[in-house]
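Asker: Build me a model from this:
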Amino acid sequence: MNRWLLTTSLFALSCAPREGSAQAVADRYRDAASRIIARATRDSAAWNRLAVLTETFGHRFSGSESLERAIDWTLAEMKKDGLDGVRGEPVMVPRWVRGTESVELVSPRRQVLPMLGLGGSVGTPASGISADVMVVASYDDLRARSAEARGKIVLFNVPFTVYGQTVAYRSAGAVAAARAGAVASLVRSVGPYSMRTPHTGGMAYNDSVPKIPHAAITSEDADMIARMVGRGQRVTVKLTMSARMMPDAQSRNVIAELRGSSAPDEVVVMGGHIDSWDVGRGAMDDAGGVVVAWEAIRLLKELGLRPRRTIRVVGWTNEENGLRGGNAYRDAHRAELDKHIAAIESDGGVFKPLGFGFTGSDSALAIVRQIGTLLAGIGAGEIAKGGGGADIGPIMALGVPGMGLNVDGTKYFWYHHTDADTVDKLDQRDVALCVATMAIMAYVLADMPDRLPR
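Answerer: Numbers count the residues shown, from 1 in each chain. As a prediction, this is how the structure comes out:
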């Protein structure tokens with residue numbers, strides 16, 4: 001062979017896909033991916049299981065009996081499915097009790113307004129708090145007019161833009177209002193659409209300022225009050241809340257596995273959070289994330305697709321008002337995290353899947369994008385740079401590559417943290433496609449010859 005032919009041949013060999021390379025990964029698993037999609041979309045098993053979980057036990061708020069009963073049922077069903085390593089790992093969780101609550105418009109007319117206290121809020125005196133309302137459009141607006149706030153109930157009437165921006169008024173509004181001398185605070189519910197459905201969610205205090213009650217009202221009523229004030233009318237409301245913190249309670253992270261065939265100590269972990277707020281039934285946020293991960297490994301087991309490495313499903317507890325489950329998982333498994341190949345979270349609703357957001361090295365991203373090509377046929381193959389989730393955040397911070405399931409979230413915040421978070425909002429095929437998407441990504445990561453690089 002002459003020198004030109006030798007050089008050309010060596011160059012071609014260096015560019016060809018090797019076993020375990022990105023392209024070879026996609027080629028190797030096309031048949032398995034087709035089988036997974038066909039099986040996942042054959043029936044509505046995942047949606048039906050989600051309906052049973054959410055409708056049998058209702059909300060699953062941290063510290064509640066309904067959460068612990070739901071965990072008991074989930075563990076029992078996982079054992080019936082023949083999954084490996086089924087267990088509950090103990091976690092102490094905070095317990096906030098909503099109690100009775102109301103907002104009543106007193107002037108210029110009387111009307112009881114739909115409302116929800118915000119998680120962690122203190123209560124009012126038993127007789128409630130009656131005061132005039134000061135409407136502000138932003139923190140800057142409050143600072144500019146802070147002299148007006150003393151003795152008032154401040155209403156943050158801030159329309160929804162994106163969740164990460166607007167939620168700042170829910171989480172920290174009470175601190176800003178108290179600093180200005182307000183006696184209580186209200187926030188326009190954090191969501192883009194409403195049928196007089198208030199949204200709850202977490203909030204926090206600062207020990208340097210008094211703790212005042214903090215609650216959400218609907219966007220319709222926030223706008224109504226703003227118009228009244230804008231017309232020069234005096235608006236008075238009465239806020240009554242018996243909310244209180246109780247001693248921490250015992251809960252559990254839900255664990256089940258599909259044990260690896262040859263490297264069982266190497267783990268791909270995936271799941272969602274088993275807890276929910278104390279309104280609605282938590283179907284989208286986030287029983288759906290737990291069920292699609294659970295159904296994914298049940299389906300793999302049924303198809304006889306046992307990967308080299310272990311796939312571990314986790315239903316993390318207490319994501320909503322404490323993140324104790326995610327932190328407890330990190331602490332319990334800290335010594336094993338160098339053998340955690342990747343962490344996958346679903347916590348954006350189980351609507352039509354679009355793909356994943358991935359956080360990790362560029363070389364790992366290239367491989368994950370090749371795996372994504374296996375999902376292109378169902379429209380779920382887009383792999384964006386940057387992704388993860390609250391519950392996997394603690395182990396991602398210690399170096400575990402992470403990804404979050406991306407879905408069509410057009411309507412997610414319509415229902416988020418409301419009484420309307422129920423299973424009927426979810427399409428049965430979309431839920432099945434989420435199962436397929438999670439199953440394929442987890443299976444390939446757990447089975448490909450080489451570990452995903454860090």
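
Asker: ok now stretch 190-199, how far from the chain's centre?
Answerer: With CA atoms, centre = their mean, to the nearest Å as the basis, stretch 190-199 stands 18 Å off its chain's centre.

Asker: typo on my end, it should be stretch 349-361
Answerer: In terms of CA atoms, centre = their mean, the centre of stretch 349-361 is found 12 Å from the chain centre.

Asker: cool, and stretch 167-185?
Answerer: Between the mean C-alpha position of stretch 167-185 and that of its chain there is a distance of 25 Å (CA atoms, centre = their mean).

Asker: How about it, which residues are buried there?
Answerer: 167-185 (16 or more other CB atoms under 10 Å). For glycine as for every other residue, the C-beta is placed from the backbone atoms N, C-alpha and C.

Asker: Can you give me the end-to-end span of stretch 268-286?
Answerer: Length of stretch 268-286, first residue to last, CA to CA, to the nearest Å: 20 Å.

Asker: what about the helices in the stretch 151-300 of the chain?
Answerer: Along the stretch 151-300 of the chain, the stretches classed as helices by DSSP state H, counting those that start in this stretch are 163-179, 219-230, 288-303.

Asker: Burial check on Pro449, number of neighbours?
Answerer: In terms of burial, Pro449 registers 12 neighbours under the definition other CB atoms under 10 Å.

Asker: ok, back up a step: quick one: closest of the helices of the stretch 151-300 of the chain to Arg252.
Answerer: helix 288-303 (12.8 Å; CB to CB).

Asker: which helices and strands does the closest one pack with?
Answerer: In terms of contacts (3 or more CB pairs under 8 Å, 6 or more residues apart in numbering; DSSP states H and E), helix 288-303 is packed against helix 30-40, helix 45-57, helix 65-80, strand 244-258, strand 263-273, strand 309-316, helix 428-447.

Asker: got the angle for the third one vs helix 45-57?
Answerer: Angle of helix 65-80 versus helix 45-57, following axes from the mean of the first three to the mean of the last three CA atoms, to 10 degrees, is 140 degrees.

Asker: how far out from the middle of the chain is helix 65-80?
Answerer: Between the mean C-alpha location of helix 65-80 and the chain-wide mean there is a distance of 20 Å, by CA atoms, centre = their mean.

Asker: which residues touch the following helix or strand past that helix?
Answerer: Using DSSP states H and E, the helix or strand that follows helix 65-80 towards the C-terminus is strand 84-97. Residues outside strand 84-97 that contact it (CB atoms under 8 Å, 6 or more residues apart in numbering) are 62-63, 71, 75, 78-79, 119-120, 243-259, 275, 310, 312, 317-318, 321-322, 324-325, 328-329, 332.

Asker: okay, now the closest residue to Ser138 other than its chain neighbours: neighbour count?
Answerer: Setting aside the residues directly before and after it, Ser138 is nearest to Val158 in space (CB to CB, 6 or more residues apart in numbering), at 6.4 Å. The burial count assigned to Val158 is 22, neighbours taken as other CB under 10 Å.

Asker: Quick check, Val158 in contact with Val167.
Answerer: No - taking CB atoms under 8 Å as the contact criterion, Val158 and Val167 are not neighbours in contact, 10.0 Å apart.

Asker: which ones are touching Ala26?
Answerer: Shown in contact with Ala26 (CB under 8 Å, 6+ apart): 370-371, 373-374.

Asker: Repeat that for Val431.
Answerer: So Val431 contacts 44, 46-47, 50, 288, 291-292, 350 (CB under 8 Å, 6+ apart).

Asker: ok, it to Ser276 distance?
Answerer: Between Val431 and Ser276 the distance is 17 Å, computed by CB to CB, to the nearest Å.

Asker: try Val122
Answerer: 22 Å.

Asker: higher neighbour count, the two?
Answerer: Ser276 (29 against 17).

Asker: Nearest spatial neighbour of that one, chain-adjacent residues omitted?
Answerer: Closest residue to Ser276 in three dimensions, ignoring its sequence neighbours and counting by CB to CB, 6+ apart: Gly282, at 2.5 Å.

Asker: how much space is there between that neighbour and Glu101?
Answerer: 20 Å.

Asker: In terms of neighbours, single out the busier of these two.
Answerer: Looking at Gly282 and Glu101 with other CB under 10 Å, you find the greater number of neighbours at Gly282, namely 31 against 19.

Asker: Give me the pLDDT value at that one.
Answerer: Gly282 is assigned 98 on the pLDDT scale.

Asker: surely it meets Asp421?
Answerer: Yes - under the criterion of CB under 8 Å, Gly282 makes contact with Asp421 at 5.9 Å.

Asker: Now list whatever residues contact both of the two.
Answerer: Between them, Gly282 and Asp421 share the neighbouring residues Ser276, with contact defined by CB under 8 Å, 6+ apart.

Asker: Of the helices of the stretch 151-300 of the chain, which stretch is the most buried?
Answerer: helix 288-303 (a mean of 26; mean count of other CB atoms under 10 Å).

Asker: what is the orientation angle of that one with helix 428-447?
Answerer: 60 degrees.

Asker: can you list contacts of stretch 116-128?
Answerer: Residues from elsewhere that reach stretch 116-128, judged by CB under 8 Å, 6+ apart: 96, 98-99, 101, 170, 174, 184, 187, 189, 198-205, 211-216, 238-245, 277, 279, 320-321, 417-418.

Asker: So which of the helices of the stretch 151-300 of the chain is nearest Ala366?
Answerer: helix 288-303 (23.6 Å).

Asker: Off-centre distance for the closest one?
Answerer: Centre-to-centre, helix 288-303 and its host chain are 18 Å apart (CA atoms, centre = their mean).

Asker: residue boundaries of the helices in the stretch 351-454 of the chain?
Answerer: So, for the stretch 351-454 of the chain - with DSSP H, counting those that start in this stretch - the helices run 362-372, 393-396, 412-415, 428-447.

Asker: ok so, going back, the contacts of stretch 116-128 in strands, which ones?
Answerer: For the contacts of stretch 116-128, membership in strands holds for 96, 101, 184, 187, 214-216, 238-241, 244-245, with DSSP state E as the criterion.

Asker: With respect to Phe413, which of the residues you listed is nearest?
Answerer: Comparing every one of the ones in strands among the contacts of stretch 116-128 with Phe413 (CB to CB), the shortest separation belongs to Ala216, at 13.3 Å.

Asker: quick one: the closest one and Arg196 touch, right?
Answerer: No - under the criterion of CB under 8 Å, Ala216 is not in contact with Arg196, lying 12.0 Å apart.
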